[in-house]
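Q: Pasting the sequence and the predicted coordinates here, then a few questions.
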Amino acid sequence: MTLTRLQPTSPPGIRDGVLRRQPAREAAARTYARSLPVVPVRARGLTVEGADGRRYLDCLSGAGALALGHNHPVVLEAIRAVLDSGAPLHAPDLATPVQEAFTNELLATLPRGLADRARIRFCGPTAADALREAAALVRGATGRTELLTLSGAPAETSLALSGPSDMFLAALGSGGRAPAAVVVEPVAGEGAVLPAPDGLLRRARDITAARAIPLVVDESATGVGRTGAFWAVEHSGIVPDVMVLSHTIGGSLPLAAVVHHADLGGCPPAARADACRGNQLAMAAGAATLRYVRENGLAGRAAALGAHILRRLRTLDHACVGEVRGIGLMIGIECAPGPAAAVQRECLRRGLIVELGGPHSSVLRLLPPLTITDEQTEAVLDRLADALAAVDRTHRRAATPSTLKEAGPATPA
């Protein structure tokens, strides 16, 4: 199908019409549309074109799911190959050449110590589906129900520790009733880009191994090169018992899976009621993405570019900027809630799409695709720096009394 280039339109136009109708048709649960009034009609790599004809540099990247950016040629080629072959597009649990190719690529990337004993469980296409699958797996394997999760891990788990890491380790090693599993998120992405210390992950692995507690690592937001290693657990050198995978593994299409040690077993087939686990297009796109990231060393490039971005951002001196942190191409800039939203708006005015996250949406998140070029990286940093400076000037003016107020009341003649 040939797509005709949309020309910029005047209000009400395509953009305004779509944005006006959306809240009348969709639930209030939508998130990005509230702060990013963009109607994307075309995209390639880092660049998104809106219905109004404007072009944007997209550092949201499908909430980090687009490892190769929008419509990468290898992804499109893989999807077209399946469509042209006449193969089934949906085949839950059936052995297909497409599924086998995806499985081969995934096994080739897994941490040593897991790959040779791994079993893959396909499930519904979201991270929440994979977390539920992992929970069912460890509960069935251990006969226990409680899940202990490190602070910042997803809400699907049953117990969240909000205290410091030493409290987490103390609770884990206390010798009380063992949980069904410990769930760890290597980087609390949605929670504000907070990497878990490598030492904490290693200590958690030591304790769980000593107590025969399965260690579940949620790599939904951190996998496929995003953090500068193919999987974030590689930074700490630990080998988990279970890995929860989604987001990037579908190569831009919805796909999720749970990888676990074979000795954990699994629930009987009758216990699985989710039919949405056989998306062949997503498996083809995912296999192409995994292979491209691996063969082109994009994880290492993410590590180098991420370090450069952090250095540049830490040289900025703006009152609205707090801590700058991150790992690989997963960057967070902490601000107060008001300034953070203002910076996001100023970025959008300059053709840059960034996400907000963390408590009270106070953290600007940069999640560019791993294929971002050096030139594009500098363009992103320049636009972001300009937006931060604009917000800083606005807040300085608002905080400075007028000349008349500084002078005080006039002295009578």
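A: That came in fine, so what should we check first?

Q: For the stretch 251-400 of the chain, which segments count as strands?
A: Using DSSP state E, counting those that start in this stretch, the strands assigned to the stretch 251-400 of the chain run over residues 257-261, 324-326, 331-334, 352-353, 355-357, 363-366.

Q: Mean neighbour count, those: which tops it?
A: Comparing the strands of the stretch 251-400 of the chain by mean neighbour count (mean count of other Cβ atoms under 10 Å), strand 363-366 ranks first with a mean of 26. Bear in mind the C-beta positions are built from the backbone N, C-alpha and C, glycine included.

Q: ok, residues contacting it?
A: With contact meaning Cβ atoms under 8 Å, 6 or more residues apart in numbering, strand 363-366 is reached by 59, 189, 192-193, 309, 326, 329-335, 340, 343-344, 354-357, 380, 384.

Q: 7 Å instead?
A: Here strand 363-366 makes contact (Cβ atoms under 7 Å, 6 or more residues apart in numbering) with 59, 192-193, 331-335, 340, 343-344, 354-357.

Q: In this structure, what helix or strand scores lowest on average pLDDT?
A: strand 159-160 (a mean of 37; mean pLDDT, DSSP states H and E).

Q: returning to that earlier point: from the contacts of strand 363-366, which is closest to L66?
A: Comparing these against L66 with Cβ to Cβ places C59 closest, at 10.8 Å.

Q: Which one of the strands of the stretch 251-400 of the chain lies nearest to G140?
A: Comparing the strands of the stretch 251-400 of the chain by Cβ to Cβ, strand 257-261 comes nearest, at 11.1 Å.

Q: what helices or strands is that closest one leaning on?
A: strand 118-122, helix 127-142, strand 242-245 (3 or more Cβ pairs under 7 Å, 6 or more residues apart in numbering; DSSP states H and E).

Q: quick one: average pLDDT of the longest one?
A: The reference is to helix 127-142. Helix 127-142 carries an average pLDDT of 93.

Q: Only the buried residues of that helix, if you could.
A: 127-139, 141-142 (16 or more other Cβ atoms under 10 Å).

Q: could you point out which element follows that helix?
A: strand 147-149 (DSSP states H and E).

Q: What ranges in this structure fall below the confidence cut-off?
A: 1-14, 26-34, 151-168, 171, 189, 191, 266-273, 399-413 (pLDDT under 70).

Q: Counting by contacts, list what the helix ranked longest in it packs against.
A: What stands out as the longest helix in the chain, according to DSSP state H, is helix 374-399. Applying 3+ Cβ pairs under 7 Å, 6+ apart, one finds that helix 374-399 contacts strand 55-58, helix 298-314, helix 337-349, strand 352-353.

Q: Just checking: what are the partner strands of the last one?
A: It refers to strand 352-353. Here strand 352-353 has these sheet partners by DSSP bridges: strand 55-58 (parallel).

Q: what about the helices in the stretch 51-200 of the chain?
A: 61-64, 73-85, 97-109, 127-142, 165-172, 198-210 (DSSP state H, counting those that start in this stretch).

Q: For the helices and strands packed on helix 374-399, give me CSV that also has distance to L264.
A: Shown next, in CSV, are the helices and strands packed on helix 374-399 (distance: least, Cβ to Cβ, whole Å):
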stretch, distance to L264
strand 55-58, 38
helix 298-314, 27
helix 337-349, 41
strand 352-353, 40
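
Q: For P23, which of the ones you listed is the nearest?
A: helix 337-349 (18.6 Å).

Q: Go through that closest one and flag the buried ones.
A: For helix 337-349, using 16+ other Cβ under 10 Å, the buried residues are 339-348.

Q: Which of the strands of the stretch 251-400 of the chain sits closest to V74?
A: So among the strands of the stretch 251-400 of the chain, strand 257-261 is nearest, using Cβ to Cβ, at 20.4 Å.

Q: Note down every partner strand of the closest one and its orientation.
A: Short version: by DSSP bridges, strand 257-261 pairs with strand 118-122 (antiparallel), strand 242-245 (antiparallel).

Q: Any idea which of the ones you listed gets closest to L215?
A: Taking Cβ to Cβ, strand 242-245 is the member of the strands paired with strand 257-261 nearest to L215, at 7.2 Å.
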